[in-house]
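1. model this:
(2 chains)
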Amino acid sequence: MSDLEQNSTNELVNRRNRVDMWRENGIDPYGSRFDEAVPSAELKANFKDECEEDQPAVVAGRVLTSRDMGKVVFVTIQDPSGTIQLFGQKNALGEEQFKLFRKVDIGDIIGVTGKLFRTKKGEITVREFEFKMLSKSLKPMPEKWNGLKDIEIRYRNRYLDLISNEESREIFRQRSAIIREIRRFLEDKGYMEVETPMMHPIAGGAAARPFTTHYNALDQKMYMRIATELYLKQLLVGGFEKVFELNRNFRNEGVSKQHNPEFTALEVYQAFGDCQTMMDLIEGMIRHCAQTVRGSLHIKHSDEKTLDFESPWRRVEYSTLLKEKAGDNWFELSKEEMIKKAQELGAHADDSMDEVQIGQEVYDLIEPTLIQPTFVTRLPRELVPLAKRCTDDAALVDVYELVIDGKEISPGYTELNDPIDQRLRLEEQLKRTLGTEEEESGKIDEQFLDALEHGMPPAGGLGLGVDRLCMLLTGAPTIRDIILFPQLKNKDQ
RNA sequence: GAGUUGUUAGCUCAGUCGGUAGAGCAACGCCCUUUUAAGGCGUGGGUCCAGGGUUCGAGCCCCUGACAACUCACCA
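-> Numbers count the residues shown, from 1 in each chain, chains lettered A, B, ... in the order given. Have a look, this model is predicted:
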């Protein structure tokens, strides 16, 4: 290594050279086991000012900042629990150690064994330490003050986002906790988690374009699953009464603030239950998550908007919402009058639509205004073709659509268990998709129908967009903020 | 798929009317034994997203493309 290289102002070159410097001093810059470290937050919490004897500190983390004052250096390191300051003194460390300590770069990961004290300015700090180089960083870190703001880098290089932004770390801790608490809630109530195939010969259970792949050994086209429904129902036929699956679905569609092509879905099925059962279940589950993860049933999103999960959630019929918006006589209007009224309200309605479609256009105006948790129930049959009809009104189906913050977050059904009716409706659905891109995924799943013909108990089922729940509970404005590695286009090539 | 905006040093950002590319932090050198956005003095660092065009001259104007964000549409 020449003097020229030594004195380069190119940071990448300097850091590479420093790897050699550590080796020349007999130190492996990519060190080994250091699992005796204590979380920095724990060290700080247990520190006692009046304690007479030395309070030992063993801690490891990434170097965030360094303030070098010649014969003394202050270094702040970060671990998962927070940050802690190190106080390196020439006198305490000895000439050789001190000289090496000054060569620690921002971004390096070090382990430290020393003693705790409180500085004049009041900060709990480690001094009189020995340190180990655990990992030499070759790349410069994002700036300490402004942090990393570039949205594209935050998504493409999530680790840099996590190093730099505590808000981002906290969101992903909360996401992990939400998923843990969903499982805990369901398991405590006796639901069994199951795993069903992710690659399906027929992509059923929802209307969406699937990703396709090829299974070489079988020489067969396969689809990444778009839903788990058809397999879970087969488990009800098999005699499991309370099952759920919490994992990824894939839909080959556009990305948006609300959509990522692979997303985490929960589906729960309960034999002998119905739509009401599932409403009670999801309400309890989301409350549980809010309380345990956020410590409150009131989640503030902004100065104007706080989501209230505590009050009993409104349960309102679809037709009631329409009447609230469009007048009590809505359902007595002629089609022409409906179109006129809908247009007055600002909905897109025209002659080509039928009454149900016109009503749905009006509903589309209502939904964004439903900020607090609201179960919309008893939808027109045409809107949800695969659910069981209401026993008192064959034009309606016994379902709910849970709306929070103006967005649909969870549908629930009284499931259809009549195999003859189910076959008819699947065939109708297939006809509607003939000639469209959904056609190939709409094929009749004979294996599923065969299972139904053996007898599926009456059941309630629900789905939940877990990513969207995470957005609601963390206040994240886009789905990319709660997915660690969101899908982005390749930059190179 | 359409529209709008953005892309300049490792990071965060300026860049006037088209006239030799700027700051803070980071880096490098020197000083400094309680700092914490440490401080002081000094130094180096640029494919201005890419490719064309206009011009004596383009970071800036025009065209095409890449990627991203936002809005809308689509999708559930």
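
2. In contact with A:T125, which residues?
-> Neighbouring residues of A:T125 by Cβ atoms under 8 Å, 6 or more residues apart in numbering: A:74, A:84-87, A:116-119. Using the backbone N, CA and C atoms, a C-beta is placed for each residue, glycine as well.

3. where does the stretch 351-493 of chain A have low pLDDT?
-> Where the stretch 351-493 of chain A drops to pLDDT under 70, the residues are A:433-442, A:492-493.

4. Phi first, then psi, for A:L218.
-> Note on A:L218: backbone dihedrals following degrees, to the nearest 10 are phi -100, psi -10.

5. Quick check: it vs A:D280, distance?
-> A:L218 sits 43 Å away from A:D280, going by Cβ to Cβ, to the nearest Å.

6. likewise A:A347?
-> Distance of A:A347 to A:D280, computed by Cβ to Cβ: 33 Å.

7. ok, these two, which is more surrounded?
-> Neighbour comparison, A:A347 and A:D280: the larger count goes to A:A347, with 21 against 12 (by other Cβ atoms under 10 Å).

8. so the more buried one is in which element?
-> If you go by DSSP states H and E, A:A347 is not part of any helix or strand.

9. likewise A:V19?
-> Assigned by DSSP H and E, A:V19 belongs to helix A:11-24.

10. what sits up against that helix?
-> A:1, A:5-6, A:8, A:28-29, A:100, A:103, A:105, A:133, A:136-140.

11. quick one: which of these is nearest to RNA strand B?
-> Checking those against RNA strand B with Cβ to the nearest atom of the strand, the nearest one is A:P140 at 4.2 Å.

12. mind listing the helices for the stretch 51-200 of chain A?
-> With DSSP state H, counting those that start in this stretch as the criterion, the stretch 51-200 of chain A has helices at A:90-93, A:95-101, A:151-156, A:158-164, A:166-188.

13. can you list these in JSON lines and add mean neighbour count, mean pLDDT and distance to RNA strand B?
-> Output for those, formatted as JSON lines (neighbours: other Cβ atoms under 10 Å; pLDDT from 0 to 100; distance: least, Cβ to the nearest atom of the strand, whole Å):
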{"stretch": "helix A:90-93", "mean neighbour count": "16", "mean pLDDT": "94", "distance to RNA strand B": "4"}
{"stretch": "helix A:95-101", "mean neighbour count": "15", "mean pLDDT": "94", "distance to RNA strand B": "9"}
{"stretch": "helix A:151-156", "mean neighbour count": "14", "mean pLDDT": "93", "distance to RNA strand B": "4"}
{"stretch": "helix A:158-164", "mean neighbour count": "17", "mean pLDDT": "95", "distance to RNA strand B": "8"}
{"stretch": "helix A:166-188", "mean neighbour count": "16", "mean pLDDT": "96", "distance to RNA strand B": "13"}
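
14. Dump those to JSON lines, plus distance to A:T212.
-> Output for the helices of the stretch 51-200 of chain A, formatted as JSON lines (distance: least, Cβ to Cβ, whole Å):
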{"stretch": "helix A:90-93", "distance to A:T212": "62"}
{"stretch": "helix A:95-101", "distance to A:T212": "57"}
{"stretch": "helix A:151-156", "distance to A:T212": "26"}
{"stretch": "helix A:158-164", "distance to A:T212": "28"}
{"stretch": "helix A:166-188", "distance to A:T212": "28"}
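
15. What parts of the stretch 351-493 of chain A come near RNA strand B?
-> Residues of the stretch 351-493 of chain A lying near RNA strand B by Cβ under 7 Å from any atom of the strand: A:408, A:438, A:477-478, A:480, A:486, A:488-491.

16. Top of those by number of neighbours, please.
-> Most surrounded of those: other Cβ under 10 Å gives A:R480, at 20 neighbours.

17. Report the contact partners of that one.
-> Residues near A:R480 by Cβ under 8 Å, 6+ apart: A:155, A:257, A:260, A:486.

18. Looking at those residues, which one is closest to A:F240?
-> Distance to A:F240 across the contacts of A:R480 (Cβ to Cβ) is lowest for A:N260, with 30.0 Å.
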